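Novice: Quick one: sequence plus predicted model below, questions after.
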Amino acid sequence: MSVKLKALTKSPWVFHLSTGSCNNCDIEVLDCLTPRFDIERFGMLLAGSIKHADVLLVTGSCNRQSMIRVKRLWEQIPKPCLVVAIGECALSRGMFIHSYNCPVPLDHVLPVDVYIPGCPPKPEAIIAGVVKLIEKVKAEKLGKKK
Amino acid sequence: MNRQEILDGIKNKFKEEIIDYFDKYEKRVFIEIKKEALIPVATYIFKDLKARFNIATGTDLRYHMEILYHFTLEDINLMVSVRVKLPKDQPLEIDSLTSSFRGSDWIEREIHEMLGINFIGHPNLKRLLLADDWPEDVHPLRCDYQEWDKKAVRDRGV
């Protein structure tokens, strides 16, 4: 695996993107950053700009207006990058699956690496999901299948 | 003025225009009016009674479209909802209130795109919320809305 991906597992910078969520998942993501859960001990930081980010963290039900913006952000993020879908809406659109405004789920548009289910997922679940993602990337780096 | 004086004032001033009057409880009153009388009634409640215009809501019912204009009289803690019914066998159009107060601008645009009701005299009746590639004559909150997007995925893939 490339040097870039090795560096990424040390300290992944996260870009938090809401594609029309109800803000509940976003509150749980913010909760991960507070001293109680302190996701920074795994080197994770919120990046202000997509051009500084390694991980694209998506919440929300991916509506027609925001999917254009999601595609545009995906084009701008430096590769290699990882995509994390948080919450039932980002996974399968949840209760909005028959909504006129949510035609396709996120993983039909972007390659999603980790799905974290829940409405909203607990901060523990988010941390567990992201740590598993880092371990998976490290295992791929060493040539192991996990 | 207390609650009874204000409501009697509305009823006496618009005797001809009021079709139905429903005093639901002490904080809520529904007044159904003819659609031609919308501007005088709304202007009277907004400007003369100094009510706050909260929001308008549109609903697609079986035989008619219904628009409710919600006004709050904060001094006496009363919400007055002005109801207008638009029969579906006639052209779906009603006078715009935007010339009387700016607050109704965006909600009229939203009702226009969601239900397809034409607001006569609105200065800028263009799309507010729907996506740019949404077809022009499809209104998503109507009862007879059908899926138009052939690429839409409506299963969870499991």
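Specialist: Ah, there it is. Numbers count the residues shown, from 1 in each chain, chains lettered A, B, ... in the order given.

Novice: tell me which element the closest residue to B:Pro135 other than its chain neighbours falls in.
Specialist: Counting by CB to CB, 6 or more residues apart in numbering or on different chains, the nearest residue to B:Pro135 once its immediate chain neighbours are dropped is B:Trp148, at 6.1 Å. In this view, the C-beta of every residue, glycine as well, is placed from N, C-alpha and C. Assessed by DSSP states H and E, B:Trp148 sits outside every helix and strand.

Novice: ok, B:Trp148 touching B:Asp137?
Specialist: No - the criterion here is CB atoms under 8 Å, and B:Trp148 misses it with B:Asp137 at 10.0 Å.

Novice: Which one's more surrounded, those two?
Specialist: Neighbour count, other CB atoms under 10 Å in any protein chain shown: between B:Trp148 and B:Asp137, B:Trp148 has more, with 12 against 6.

Novice: Give me the residues contacting the lengthiest helix in chain A.
Specialist: Scanning chain A for the longest helix, with DSSP state H as the assignment, gives helix A:123-141. Residues outside helix A:123-141 that contact it (CB atoms under 8 Å, 6 or more residues apart in numbering or on different chains) are A:1, A:5-6, A:8-9, A:12, A:28-29, A:31-32, A:37, A:39, A:42, A:44, A:55, A:82, A:84, A:86, A:113-118, A:121, A:145-146.

Novice: swap in stretch B:134-152?
Specialist: In contact with stretch B:134-152 (CB under 8 Å, 6+ apart) are residues A:64, A:100-101, A:103-104, B:58, B:60, B:62, B:113-116, B:127, B:130, B:154.

Novice: Kindly provide the distance from the residue in chain A sticking out farthest from the centre to B:Ala131.
Specialist: Within chain A, A:Tyr100 marks the point farthest from the mean C-alpha position, 24.6 Å out by CA atoms, centre = their mean. Using CB to CB, to the nearest Å, A:Tyr100 is found at 10 Å from B:Ala131.

Novice: about what we covered before: buried residues of the longest helix of chain A, list them for me.
Specialist: For helix A:123-141, a neighbour-count test (16 or more other CB atoms under 10 Å in any protein chain shown) marks A:Pro123, A:Ala125, A:Ile126, A:Ile127, A:Gly129, A:Val130, A:Leu133, A:Ile134, A:Lys136, A:Val137, A:Lys138 as buried.

Novice: do the same with stretch B:75-86
Specialist: B:Ile76, B:Leu78, B:Met79, B:Val80, B:Ser81, B:Val82, B:Arg83, B:Val84, B:Lys85, B:Leu86.

Novice: could I have that stretch exported to PDB, CA atoms only?
Specialist: Output in PDB follows, covering the C-alpha atoms of stretch B:75-86 (Å, rounded to 0.1, in the frame of the first residue of the first chain):
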ATOM      1  CA  ASP B  75     -51.700  40.500  22.700                       C
ATOM      2  CA  ILE B  76     -54.700  38.300  23.300                       C
ATOM      3  CA  ASN B  77     -52.900  34.900  22.600                       C
ATOM      4  CA  LEU B  78     -55.200  34.000  19.700                       C
ATOM      5  CA  MET B  79     -54.400  32.300  16.400                       C
ATOM      6  CA  VAL B  80     -56.700  33.100  13.600                       C
ATOM      7  CA  SER B  81     -56.600  30.700  10.600                       C
ATOM      8  CA  VAL B  82     -58.200  32.000   7.400                       C
ATOM      9  CA  ARG B  83     -59.300  29.100   5.200                       C
ATOM     10  CA  VAL B  84     -59.700  29.300   1.500                       C
ATOM     11  CA  LYS B  85     -61.000  26.400  -0.600                       C
ATOM     12  CA  LEU B  86     -60.100  26.100  -4.300                       C
END
